[in-house]
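Novice: Sequence first, then the predicted structure, then my questions.
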Amino acid sequence: MTFRELLDGAEILTQSGNPAISGVEYDSRRVEPGDVFVAMHGETSDGNRFIENAIAAGAVAVVSDSTTEKPREGVAWAQVAHGRRGLARLSGNFYKHPARRIALTGITGTNGKSTTAFLLECIMSAAGRKSALIGTIEYHVAGNIGALRIEYWSTPPALSSTPTGLSLATVAPVSTPPLSRKEFPSFKTVVVSNVPLLSLSIWTVVLFCDALMNNAVYLKSWLVKS
């Protein structure tokens, strides 16, 4: 895959160079020769600080969300409007959008998310359906508990309840919901746990409306605290 092919559909502000790409990384410590390094701002750290480390490790291209960083000589470069949205698009392109080929169930809410996930897995198992479960307690793939690990994290419990799609690529063909409708995966079902109807936040209402417009099927689950 070339750099331009990898950037297809991303919100690109500037772009130069078109080398062959062998991988996508946002952790400079994991970069290997031929990779593209996605440098993005985070809550506690700025990945743009590690651009030189990534290049030294063999990155042939850099995708940055910084307005101050300048292209490096001999390295392909792209500036994106939003780093995490860019990472979502690049990950989808590189792995050929696996989320489009499976039925996803997204679970959100205050309490009861993990319980709901385990209940759904049991229901599908009883119905003879193979499934994968990814949560903060355990990872299940076709009934195998902890069979696959996400190397970005320690063993369960996970350090993050909202992993990136790139982090999940080695575990199951799923993608984390990005921050724009254009990047949002096609959920077959959305479960809202333990959230009274009148207390739904604006973004949840928007999510419902968006899915209804796209003929998605919704399962509303109102769990009562014991």
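Specialist: That came through fine. A quick note: this is a predicted structure, and the numbers were derived from the prediction, not measured.

Novice: Strands along this protein, start to end?
Specialist: Using DSSP state E, the strands of the chain run over residues 12-16, 23-25, 35-39, 61-64, 76-80, 104-109, 132-134, 139-141, 144-145, 187-193.

Novice: Is it possible to get TSV of those that adds mean pLDDT?
Specialist: Shown next, in TSV, are the strands of the chain (pLDDT from 0 to 100):
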stretch	mean pLDDT
strand 12-16	97
strand 23-25	95
strand 35-39	97
strand 61-64	98
strand 76-80	98
strand 104-109	79
strand 132-134	81
strand 139-141	76
strand 144-145	66
strand 187-193	59
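
Novice: Looking at those strands, which is nearest to Phe118?
Specialist: strand 132-134 (7.3 Å; Cβ to Cβ). (C-beta placed from N, C-alpha, C; glycine too.)

Novice: where does the chain have low pLDDT?
Specialist: 143-226 (pLDDT under 70).

Novice: go again using 90 as the cut-off
Specialist: Residue ranges of the chain with pLDDT under 90: 42-45, 97-226.

Novice: Okay, domains of it per the record?
Specialist: 3-94, 98-213 (automatic domain parsing).

Novice: picking that back up, nearest to Tyr95, out of the strands of the chain?
Specialist: Nearest to Tyr95, of those and by Cβ to Cβ, is strand 23-25 at 8.7 Å.

Novice: Identify the residues contacting the closest one?
Specialist: Contact with strand 23-25 is made by 6, 31-32, 34-38, 54, 59, 87, 90-91, 94, 166, as judged by Cβ atoms under 8 Å, 6 or more residues apart in numbering.

Novice: pull the CA atoms of the longest helix seen in the chain into CSV?
Specialist: When the chain is parsed with DSSP state H, its longest helix is helix 113-126. Extracted C-alpha coordinates of helix 113-126, given in CSV (Å, rounded to 0.1, in the frame of the first residue of the first chain):
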residue,chain,number,x,y,z
LYS,A,113,-21.7,-2.3,30.3
SER,A,114,-19.6,-5.4,31.0
THR,A,115,-22.5,-7.3,32.4
THR,A,116,-24.5,-6.6,29.2
ALA,A,117,-21.6,-7.7,27.0
PHE,A,118,-21.3,-11.0,28.9
LEU,A,119,-25.1,-11.5,28.6
LEU,A,120,-25.0,-10.9,24.9
GLU,A,121,-22.1,-13.3,24.4
CYS,A,122,-24.0,-16.0,26.3
ILE,A,123,-27.1,-15.4,24.2
MET,A,124,-25.2,-15.7,20.9
SER,A,125,-23.3,-18.8,22.2
ALA,A,126,-26.6,-20.5,23.1
